[in-house]
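Asker: attaching a predicted model along with its sequence, questions to come.
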Amino acid sequence: MQPVMAPAEVRTRGDDVLDVRWTDPDGRSRTARIARVIDDWDYVGRWWTHEVRRHYRLLEADDGRWLETYREDGRWWVSRANG
């Protein structure tokens, strides 16, 4: 998986992630319809002077791509992706 670190628009139904939209590092708009959640976990740590709390999800898209996403302070991000 390659680093992306891009803000994302995530459509959900309850706790289910339906699709994810983001712009990749080359400036291309990407969309992935999500087939399943592979894993999810919480991260709590420190970044310089403040505490960081993130909820991560490793997702598999319906075309086989994997996305690592997280939500922090109500905002979604794609941190890594393949394909």
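Answerer: That came through fine. Since we're looking at a predicted model, the values are computed, not measured.

Asker: now the farthest one out in this structure, which residue is it?
Answerer: No residue in the chain sits farther from the centre than residue 49, which is 24.4 Å out by Cα atoms, centre = their mean.

Asker: for that residue, grab phi and psi.
Answerer: According to degrees, to the nearest 10, the main-chain angles of residue 49 amount to phi -110, psi 0.

Asker: start at 38, not 1
Answerer: Noted, 38 is the first residue going forward, which turns the last one into residue 86.

Asker: measure it to residue 66 for me?
Answerer: 35 Å (Cβ to Cβ, to the nearest Å). Bear in mind the C-beta positions are built from the backbone N, C-alpha and C, glycine included.

Asker: helix, strand, or coil at the nearest residue to residue 58 once chain neighbours are set aside?
Answerer: Sequence neighbours aside, residue 46 is the residue nearest to residue 58 in space, at 4.4 Å (criterion: Cβ to Cβ, 6 or more residues apart in numbering). Put simply, residue 46 is strand when judged by DSSP: H, G, I helix; E, B strand; the rest coil.

Asker: is it true that residue 46 touches residue 114?
Answerer: No - Residue 46 sits out of contact with residue 114 when judged by Cβ atoms under 8 Å, with a separation of 10.8 Å.

Asker: can you classify residue 101 as helix, strand or coil?
Answerer: Under the three-state scheme (three-state DSSP), residue 101 adopts coil.

Asker: can you pull the phi/psi pair for the residue nearest the centre of the chain?
Answerer: When the chain is reduced to its mean C-alpha position, the nearest residue by Cα atoms, centre = their mean turns out to be residue 106, at 1.6 Å. Main-chain torsions, residue 106, degrees, to the nearest 10: phi -120, psi 160.

Asker: ok, it - contacts?
Answerer: For residue 106, the contact set (Cβ atoms under 8 Å, 6 or more residues apart in numbering) comprises 45, 47, 54, 57, 93, 94, 96, 113, 114, 115, 116.
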